[in-house]
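Peer 1: Return atomic coordinates for the entry below.
(one chain, ligands or ions: 1)
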Amino acid sequence: MSGKRVAVVTGGTRGMGADISLAFAGSNTSVVAVYRSNKKCAEDFRATIRELSPESIVLQADVSTREGVNKTVEAAISSFGRIDILVNNAGIFDFVFIEEMDEKFLDNILNVNFKSMVFMIQACTKHMKKNSFGRIINASSISSDLADVGLLGYGASKAAVNMLTKIAAAELAPYSITVNAYAPGIIKTDLTAPMIKERGHLQVKQIPLNRFGSGGEVAALVKFLASDEAGYITGEIIGIDGGMLKVQNPYRAHEYVQQKP
Ligand SMILES: NC(=O)c1ccc[n+]([C@@H]2O[C@H](COP(=O)([O-])OP(=O)(O)OC[C@H]3O[C@@H](n4cnc5c(N)ncnc54)[C@H](OP(=O)(O)O)[C@@H]3O)[C@@H](O)[C@H]2O)c1
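Peer 2: Down below sits the predicted model:
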């Protein structure tokens, strides 16, 4: 395609979403970066992204509502006339044990982490179909697979994202729209900062690569999945977790490596 592609990145002004937005802005792509409430951070980010891509937009919208989704898609179409890439990155993280979970908690986490992605896909695909091209990339998590106490809401929302990814990939394949997900382990962002502070020294032992990931590493994966070169990949949930889900006892593996002469 000649000219710039257009990417919508939800939760695109902070955390790994900011790295994803900047990766696109630096590679011939106009970006609509969506945030929900952190205005100060969004305004600072607007200045940063416009250095790379002056036409890119920073937009306030709550993508867990139909109104927020419509506002986002209308802004993208009125500014750029097309949507090529959708990164459903916005998400929230919270713990509560099942016995203490109220309905409001469960509804909120499912709405933000899962239903928002369904709404965004519904609103964006008609624009992608017009061009017979689309890349949809969803934020999953190792928690979609790895059961942990207190994470029923979060884990179930991300397991639902995995199934959404696979079913959307099947339904949209005839239109040359690919749908994939990235499943991060522990990436250093605001979302994980309290957890890393509290028990990071224990958690790092569960990671074969012995460190937390960076937003830039996630952005590199997302940028690849959005590229022409990734056109034959669809329906995949791709782990980016330092090997956390692949190695049975990473702590022992570390000790072994450290003891080697
Ligand atoms: N960090 C990790 O280790 C990790 C691991 C696995 C999966 N993930 C997933 O990766 C994604 C990004 O995580 P992160 O760590 O970068 O998060 P983060 O630093 O907490 O940033 C979240 C972003 O999402 C936006 N957002 C939240 N709810 C929204 C809504 N209803 N509408 C629009 N925007 C909304 C926030 O907007 P405001 O700035 O206005 O608050 C913010 O820009 C999430 O889906 C998360 O579940 C993260």
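
Peer 1: my read is residue 32 is in a helix, agree?
Peer 2: No: checked against DSSP: H, G, I helix; E, B strand; the rest coil, residue 32 lies outside a helix; its state is strand.

Peer 1: beta partners of it?
Peer 2: Counting by DSSP bridges, residue 32 forms beta bridges with residue 8, residue 57.

Peer 1: Let me know the pLDDT of residue 3.
Peer 2: Reading off the per-residue confidence, residue 3 sits at a pLDDT of 85.

Peer 1: Near the ligand, which residues of the stretch 1-150 of the chain? Just list them.
Peer 2: Taking Cβ under 6 Å from any ligand atom as the test, the list of the stretch 1-150 of the chain residues beside the ligand reads 10-11, 13-17, 34-38, 41, 62-64, 89-93, 112, 116, 139, 141. Placement of C-beta: from N, CA and C, glycine included.

Peer 1: buried subset of these?
Peer 2: For these, burial is judged from neighbour counts taken by 16 or more other Cβ atoms under 10 Å, and it is met by 10-11, 13-17, 34-36, 41, 62-64, 89-93, 112, 116, 139, 141.

Peer 1: Of those residues, which belong to helices?
Peer 2: Where these overlap with helices, as defined by DSSP state H, the overlap consists of 15-17, 41, 116.

Peer 1: Just name the closest of those residues to the ligand, please.
Peer 2: For those, the minimum distance to the ligand (Cβ to the nearest ligand atom) is 2.2 Å, reached by residue 15.

Peer 1: Go ahead and confirm that closest one touches residue 191.
Peer 2: Yes: between residue 15 and residue 191 there is a contact at 6.0 Å, judged by Cβ atoms under 8 Å.

Peer 1: where along this structure do the helices fall?
Peer 2: Along the chain, counting by DSSP H, helices occupy 15-25, 39-52, 66-80, 103-110, 116-130, 152-172, 193-203, 215-225, 250-259.

Peer 1: Pick the most buried one from those.
Peer 2: Each of these was assessed for mean neighbour count using mean count of other Cβ atoms under 10 Å. The highest is helix 15-25, with a mean of 27.

Peer 1: Angles on the backbone of residue 94, please.
Peer 2: Backbone torsions for residue 94, taken as degrees, to the nearest 10, come to phi -160, psi 150.

Peer 1: Go ahead and confirm it touches residue 106.
Peer 2: No: with contact defined as Cβ under 8 Å, residue 94 does not count as touching residue 106 (10.5 Å).

Peer 1: joint contacts of the two?
Peer 2: Between them, residue 94 and residue 106 have residue 153 as joint contacts when contacts are counted by Cβ atoms under 8 Å, 6 or more residues apart in numbering.

Peer 1: Of the ones in helices among the buried ones among the residues of the stretch 1-150 of the chain next to the ligand, which pair is most distant in space?
Peer 2: Within those, two members stand farthest from each other by Cβ to Cβ: 41 and 116, at 19.2 Å.

Peer 1: Enumerate every residue touching residue 233.
Peer 2: When contacts are counted by Cβ under 8 Å, 6+ apart, residue 233 touches 178, 180, 225.

Peer 1: switch to 6 Å and redo it
Peer 2: By Cβ atoms under 6 Å, 6 or more residues apart in numbering, the contact set of residue 233 is empty.
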